[in-house]
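A.B. asks: sharing a sequence plus its predicted fold:
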Amino acid sequence: NRMYPASDRIVNEYVNDKKEFRPYFLCEYAHCMGNAPGDIYYYVDWFYDNDWFMGGCIWEWADHGLYVEGKKSLRYGGDFGERHHDSNFCCDGLVSADRNLKPGSYEVKKAYQPVVFKESDGVLTIKNRNFFAPVVGDVELCYKNNGKLVKKEKLSVAIEPKSEIKIAIKEYQTLIVKMIVDESVLAFESFNNPTSFASNLEGTPTLIENGRYVYVKAGQTTFTFDKAKGEISEIEKGGELLGGMKLTLYRAPTDNDRNIKNLWNSWYLNKAHFEPRSVKVEGNKITTVGKISSIVYVPFADCTLTYEFYDESVKIDVDYEFSGHYCTRRGASIELVEKDEEVCEIPRIGFEMKESKDFKDIEFYGYCAGSYSDLHHFSVKDVMKEKVKDTYYPYVKPQEGGSHYDCAFAEIKSKSRTIRIEGDGFSFNAKPYSDKELASKMHDDELVSDGTYINIDYFMEGIGSNSCGPMPTVENYIPKKAQKSITVIIK
């Protein structure tokens, strides 16, 4: 019996111990406080893959909060004049106090589904994980291309306990499989073949240097580059001004960031910015070499940003390496993870744009709102449409939420303009609140929206369960060192 063991502690202390034969139970293994739980798939896979695993318990079923007269959202510890309380630490349930489902609720449901699917070489394997109950129903196969249904098939099946069947499938861009029993979806999965959504970038923009600024005439779009800050400070098209693109490392702390945020605050991470040490303008490119720094500490990272301009667009390459000062070697303490290696304690690296509230609609290819590297299985990966107002789940205490994981393109639209983002496996967010606003408020009904905030993340850290349990596993941190590209197109 263990409580909140990190993933490889289970492997090293139990699974790989040849002498161990006792049943193994996790009295608690996932903590559902706020935007959570991350990493649950690792644990559930072990439950099924090892016969001596008995499973475990999630803390807990429901948040403890109260509605009070005159307030639109739930209240928690400290809101009633009491002297001793746990603040929002009583809001750590799989569902909200009024029994609404959260993204994490759906993630747990997906992890627990009794039927799993695997695809290889045109063959779909469907396995019934149940020990005693057969699964009798219909398998629905939805073949899709760019979000549009191409073909749908339905097959009646009966799968015995702990057994599997195989089905031949057709070629696909996106395949969504559902196991339907008694007219309800018992289990689902999506499969995706590599697909390019990259636009053909053309044109020869004109770059004009004028003191501190470089004005880039790129078709009908003008980008203003600030050499003093090493960033695009303004975008204009057809007389309409759009926000600039500011490099950012900060996210509004989740409840699972409640420990690490103390380090972020001591580093003034919310004030991190790019400091150019050199700027070179040549052809259609602006290359700036510098540091990512804050107002006090040693620089966070060495960083080179290369802006390559085409008609209506800019391709931005990043090449960075974080200082070891901001990294931790996981694997030598109670917070064991899968590998003993250095991980970066920074939650994201990417750009933030502030636009008007007119940007209300989103279309993208990736996982839906609320998805992260260790919390995305509840969503299919497909071309989808959303509203900006719906992307952010109203957590009792405001925090990071609404990200979209592993995207190939995203479009954020107003009636007159579209900001299109392209890249290989980036994350993005388009929400009504800034990270500063989310981090500064204690209750959801205190949030004030003054625009649409767009985050374009080369990398975004996972969620983990560190409000009470382990930090994210190694692969769910952002890389200490990396090169990556995103393209922004103004339509």
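C.D. replies: Yep, that arrived.
A.B. asks: centre-most residue in the chain?
C.D. replies: Residue closest to the mean C-alpha point of the chain, counted by C-alpha atoms, centre = their mean, is Y372 at 2.7 Å.
A.B. asks: G137 belongs to a helix?
C.D. replies: No - per DSSP: H, G, I helix; E, B strand; the rest coil, G137 lies outside any helix segment and is strand.
A.B. asks: hang on, the earlier thing: show me the contacts for the residue nearest to the centre of the chain.
C.D. replies: Counting by C-beta atoms under 8 Å, 6 or more residues apart in numbering, Y372 touches G38, S403, Y405, S427, M460, E461, G462, I463, N476. For the C-beta atoms, the positions are set from N, CA and C on the backbone; glycine is no exception.
A.B. asks: can we see that at 6 Å?
C.D. replies: S403, Y405, G462, I463 (C-beta atoms under 6 Å, 6 or more residues apart in numbering).
A.B. asks: can you redo these as CSV with pLDDT?
C.D. replies: Below are these laid out as CSV (pLDDT from 0 to 100):
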residue, pLDDT
S403, 98
Y405, 98
G462, 95
I463, 94
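A.B. asks: rewinding a little: dig out what the residue nearest to the centre of the chain forms beta bridges with.
C.D. replies: L375 (DSSP bridges).
A.B. asks: just to revisit the earlier point, what's the closest of the contacts of Y372 to N88?
C.D. replies: Closest approach to N88 among the contacts of Y372 (C-beta to C-beta): I463, at 16.6 Å.
A.B. asks: on that earlier part again, so which of the contacts of Y372 sit within strands?
C.D. replies: Among the contacts of Y372, the ones falling in strands (DSSP state E) are Y405.
A.B. asks: name the member of the contacts of Y372 with the most neighbours.
C.D. replies: Per-residue neighbour counts (other C-beta atoms under 10 Å) across these peak at I463, which has 33 neighbours.
A.B. asks: who touches it in this structure?
C.D. replies: I463 neighbours (C-beta under 6 Å, 6+ apart): N35, A36, G38, N256, Y372, D374, L375.
A.B. asks: state the pair within those residues that is farthest apart.
C.D. replies: Most distant of these, by C-beta to C-beta, are N35 and D374, 11.3 Å apart.
A.B. asks: between the two, tell me which one has more neighbours.
C.D. replies: Using other C-beta under 10 Å as the criterion, N35 and D374 rank with N35 on top: 27 against 23.
A.B. asks: for D92, see how far away that one is.
C.D. replies: 12 Å (C-beta to C-beta, to the nearest Å).
A.B. asks: tell me, what's touching those two both at once?
C.D. replies: Counting by C-beta under 6 Å, 6+ apart, nothing touches both N35 and D92.
A.B. asks: before we move on, the earlier item: check what pLDDT the residue nearest to the centre of the chain gets.
C.D. replies: At Y372, the model reports a pLDDT of 97.
A.B. asks: one more: the one 5 residues further on?
C.D. replies: Looking at H377, its pLDDT stands at 97.
A.B. asks: how about it: what's its closest non-neighbour residue?
C.D. replies: Spatial nearest neighbour of H377, excluding adjacent residues (C-beta to C-beta, 6 or more residues apart in numbering): K110 at 4.8 Å.
A.B. asks: quick check: which ranges of the stretch 301-450 of the chain have low pLDDT?
C.D. replies: 329-342 (pLDDT under 70).
A.B. asks: and the helices in it?
C.D. replies: Secondary structure of the stretch 301-450 of the chain by DSSP state H, counting those that start in this stretch: the helices cover 388-391, 435-440.
A.B. asks: hang on, the earlier thing: ok, the residue nearest to the centre of the chain to Y41 distance?
C.D. replies: Applying C-beta to C-beta to Y372 and Y41 gives a distance of 12 Å.
A.B. asks: got the contacts of Y372 as JSON lines, with distance to K102 columns?
C.D. replies: Below are those laid out as JSON lines (distance: C-beta to C-beta, whole Å):
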{"residue": "S403", "distance to K102": "14"}
{"residue": "Y405", "distance to K102": "16"}
{"residue": "G462", "distance to K102": "16"}
{"residue": "I463", "distance to K102": "12"}
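A.B. asks: tally up the residues packed near S199, please.
C.D. replies: So S199, with other C-beta under 10 Å, has 15 neighbours.
A.B. asks: surely it is within a helix?
C.D. replies: No - counting by three-state DSSP, S199 is not part of a helix but coil.
A.B. asks: look at the residue nearest to H377 and give its secondary structure.
C.D. replies: Of the three states, K110 takes helix under three-state DSSP.
A.B. asks: what's the answer for the one 3 residues further on, then?
C.D. replies: For Q113, the secondary-structure state derived from three-state DSSP is coil.
A.B. asks: wait, doesn't it sit right on F188?
C.D. replies: No - between Q113 and F188 there is no contact, the gap being 7.7 Å when judged by C-beta atoms under 6 Å.
A.B. asks: need the overlap of contacts for these two.
C.D. replies: When C-beta under 6 Å, 6+ apart defines a contact, no residue borders Q113 and F188 alike.
A.B. asks: and N265, what does it touch?
C.D. replies: N265 neighbours (C-beta under 6 Å, 6+ apart): none.
A.B. asks: any idea whether it is helix, strand or coil?
C.D. replies: Counting by three-state DSSP, the backbone at N265 sits in helix.
A.B. asks: need the nearest residue in space to A111, chain neighbours excluded.
C.D. replies: V44 (4.4 Å).
A.B. asks: give the helix, strand or coil label for that neighbour.
C.D. replies: Classified using three-state DSSP, V44 is helix.
A.B. asks: how close does T328 get to C407?
C.D. replies: Separation of T328 from C407 (C-beta to C-beta): 28 Å.
A.B. asks: when these two are compared, which one has more neighbours?
C.D. replies: Shown here are T328 and C407; by other C-beta under 10 Å, C407 has more neighbours (25 against 17).
A.B. asks: contact partners for the more buried one?
C.D. replies: Applying C-beta under 6 Å, 6+ apart to C407 gives the contacts F364, G366, F426, F428.
A.B. asks: mind picking the two most distant members of those?
C.D. replies: Checking those with C-beta to C-beta, the most distant pair is F364 and F426, at 10.3 Å.
A.B. asks: would you mind measuring from I167 to V177?
C.D. replies: The value you get for I167 to V177, if C-beta to C-beta is used, is 9 Å.
A.B. asks: and N35, by the same measure?
C.D. replies: 28 Å.
A.B. asks: what do you get for L249?
C.D. replies: Counting by C-beta to C-beta - L249 and V177 are separated by 38 Å.
A.B. asks: ditto for T487
C.D. replies: Applying C-beta to C-beta, the value for T487 to V177 is 32 Å.
A.B. asks: got it, and A408?
C.D. replies: Going from A408 to V177 by C-beta to C-beta gives 21 Å.
A.B. asks: repeat that for Y392.
C.D. replies: Taking C-beta to C-beta, one finds Y392 at 30 Å from V177.
A.B. asks: okay, the two: which has more neighbours?
C.D. replies: In terms of neighbours (other C-beta under 10 Å), Y392 is the more surrounded of Y392 and V177; the figures are 25 against 21.
A.B. asks: spell out the secondary structure type for K261.
C.D. replies: Strictly by three-state DSSP, K261 counts as helix.
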